[in-house]
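Q: Just to be clear, the model below is a prediction. Sequence and coordinates:
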Amino acid sequence: MSKGVNLITTLSDIDRVSVSRNFTQPDGLYASQVFRWNKASGASIVPLDELKANSYDRHIPRWRDVLAAGGYINGPVRLMPEAEALKAFGCLSALAIPVFHQNQFWGFVLFENLTNEREFTADEVDILRSAGLMLATVIMRNDEASKTRAAEKYTSCCRYRLSTYIVVTSSRGSDR
């Protein structure tokens with residue numbers, strides 16, 4: 001996946017890409033960073049702990065409404081209401097694109113420029129929307145494959161225990 005991200009970011013002059021997945025808590029909607037790629041390393045890096053439970057209401061309130069409606073956030077960070085939150089991570093320009101799965105607001109992909117202030121063009125937004133959806137789809141598929149492997153392991157364990165129980169029980173014979 002890193003080679004594909006590297007190609008996209010090189011062509012679009014992007015320094016960092018992250019994917020965040022939504023989840024709900026009693027006090028509202030949260031996003032958890034599940035993938036992070038950095039141009040400096042040329043590879044995916046560990047998602048930040050401080051972005052594993054990021055409240056939309058507390059940190060990026062307008063993003064929830066804009067992204068959930070299918071819109072996007074685009075432009076120089078200094079002009080955004082969320083400037084402080086984004087500047088803390090060295091971001092100068094940002095493009096946040098929503099990801100939907102089965103008609104639900106699943107999360108978002110954030111493309112960041114750390115060296116230049118700019119607004120992404122309409123063509124770049126379209127291309128990066130497609131690229132972001134591909135990234136999120138890979139993550140969703142990996143999650144589903146992990147769940148399938150875990151279910152197969154559990155089923156295998158249950159079959160073993162059940163067959164052991166049947167063998168032990170049948171070897172005891174009847175007490176009647």
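A: Received it, and whenever you're ready, just let me know what you need.
Q: would you list every one of the strands in this protein?
A: For the chain, the strands defined by DSSP state E cover 16-25, 28-38, 43-45, 54-55, 73-76, 93-101, 104-113.
Q: Just put these in TSV and tack on mean pLDDT and distance to Gly132.
A: From N, CA and C alone the C-beta is placed, and that goes for glycine too. Below are the strands of the chain laid out as TSV (pLDDT from 0 to 100; distance: least, C-beta to C-beta, whole Å):
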stretch	mean pLDDT	distance to Gly132
strand 16-25	94	8
strand 28-38	92	11
strand 43-45	67	15
strand 54-55	90	18
strand 73-76	98	13
strand 93-101	96	5
strand 104-113	96	3
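Q: Among those, which comes closest to Met140?
A: Taking C-beta to C-beta, strand 93-101 is the member of these nearest to Met140, at 6.4 Å.
Q: tell me the contacts of the closest residue to Lys39 other than its chain neighbours?
A: Nearest non-adjacent residue to Lys39, counting by C-beta to C-beta, 6 or more residues apart in numbering: Asp15, 4.6 Å away. By C-beta atoms under 8 Å, 6 or more residues apart in numbering, the contact list for Asp15 reads 9, 38-40, 112-115.
Q: Mark which of those are buried, thanks.
A: When these are checked for burial by 16 or more other C-beta atoms under 10 Å, the buried set is 9, 38-39, 112-113.
Q: from those, which is closest to Val46?
A: Val46 has its nearest neighbour among the buried ones among the contacts of Asp15 in Asn38, at 10.2 Å by C-beta to C-beta.
Q: That closest one against Ser18, yeah?
A: No. Look at Asn38 against Ser18 with C-beta atoms under 8 Å: they stay out of range, at 9.3 Å.
Q: re the thing from before, export the strands of the chain to a markdown table and tack on distance to Lys87?
A: Formatted as a markdown table, these follow (distance: least, C-beta to C-beta, whole Å):
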| stretch | distance to Lys87 |
| --- | --- |
| strand 16-25 | 14 |
| strand 28-38 | 17 |
| strand 43-45 | 20 |
| strand 54-55 | 15 |
| strand 73-76 | 11 |
| strand 93-101 | 10 |
| strand 104-113 | 11 |
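Q: Which parts of the protein are helices?
A: Taking DSSP state H as the criterion, the chain carries its helices at 2-12, 56-59, 61-68, 83-87, 122-172.
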